[in-house]
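**Student:** here are the coordinates; sequence isn't available:
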């Protein structure tokens, strides 16, 4: 069993979080069970987080800050902790994503990560058979906090129609996921288009890509292969990606027609199913 005294707070954000939680708790002369009573959890959970055997959540961190009067220390730390759970190769992208002023993405297979429900994300991440599914899931949900800012990045997502039909996670998960996409139609900073099957061959048959723009820094194009991601600020690549994205936008359904298609697929493919005996009686 890990011993908190052996933790090196400089080893990782998670180690630092556990070390600091232990330090702050002891500074307030509280046992693990006593702190647990104050923030409505078990002393065992406190111990597991202090020894890095369990990831802290944002809710947990906010309750600790309130209980110990730590002025948001743990609420700030938890973002670093959760981001550190992302694959090493993906972390640079997540850092850039968090700084972007404008994000445009084309997704050929899956709903864009920032738009995924927790259940959909869980099903997607599980396909990689990760050692720590919960950590990866928490990190993905943490990424989405950039959409909750007072001034979130402007974002434009084009989804291939196949994304709507591929039953990731099952019937109920897909219905909730498509409803989440529709929920974004009221957000002026988010636009979602669907590239219909009828578009036929199009400008990005080679696959998905994302372009990010920043206030002062050069634009960046991001792509992924089976095992890693690739970012480039090459002007030629950025220019080519922008041209391809313009063609995709022109070939895609309008924002309004895209919402209508998402609604239709949600109702026809993932709508509430009556039991066979109920249909027979009717």
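**Tutor:** Sure thing, it's come through. All values reported here derive from a predicted model rather than from experimental measurement.

**Student:** Report pLDDT for the residue nearest to residue 39 when sequence neighbours are not counted.
**Tutor:** Among residues not flanking residue 39 along the chain, residue 63 sits closest, at 4.0 Å (Cβ to Cβ, 6 or more residues apart in numbering). Quick note: C-beta positions are derived from backbone N, CA and C, even for glycine. According to the per-residue confidence, residue 63 scores 95 in pLDDT.

**Student:** Kindly report the same for residue 88.
**Tutor:** According to the per-residue confidence, residue 88 scores 89 in pLDDT.

**Student:** Surely it is in a strand?
**Tutor:** No - the secondary structure assignment for residue 88 gives coil rather than a strand, going by DSSP: H, G, I helix; E, B strand; the rest coil.

**Student:** separation between it and residue 265?
**Tutor:** Taken as Cβ to Cβ, to the nearest Å, the spacing of residue 88 relative to residue 265 amounts to 36 Å.

**Student:** these two touch, right, residue 77 and residue 17?
**Tutor:** Yes - the pair formed by residue 77 and residue 17 meets the contact definition of Cβ atoms under 8 Å, at 5.2 Å.

**Student:** which residues does residue 259 contact?
**Tutor:** Remark: with contacts taken as Cβ atoms under 8 Å, 6 or more residues apart in numbering, residue 259 is in contact with 182, 185, 192.

**Student:** out of those, which are buried?
**Tutor:** Neighbour-count burial within those applies to residue 192; the criterion is 16 or more other Cβ atoms under 10 Å.

**Student:** Tell me the one of the contacts of residue 259 nearest residue 218?
**Tutor:** Taking Cβ to Cβ as the measure, residue 192 is the one of these closest to residue 218, at 26.3 Å.

**Student:** Does the closest one belong to a helix, a strand or coil?
**Tutor:** Following three-state DSSP, residue 192 is assigned to strand.
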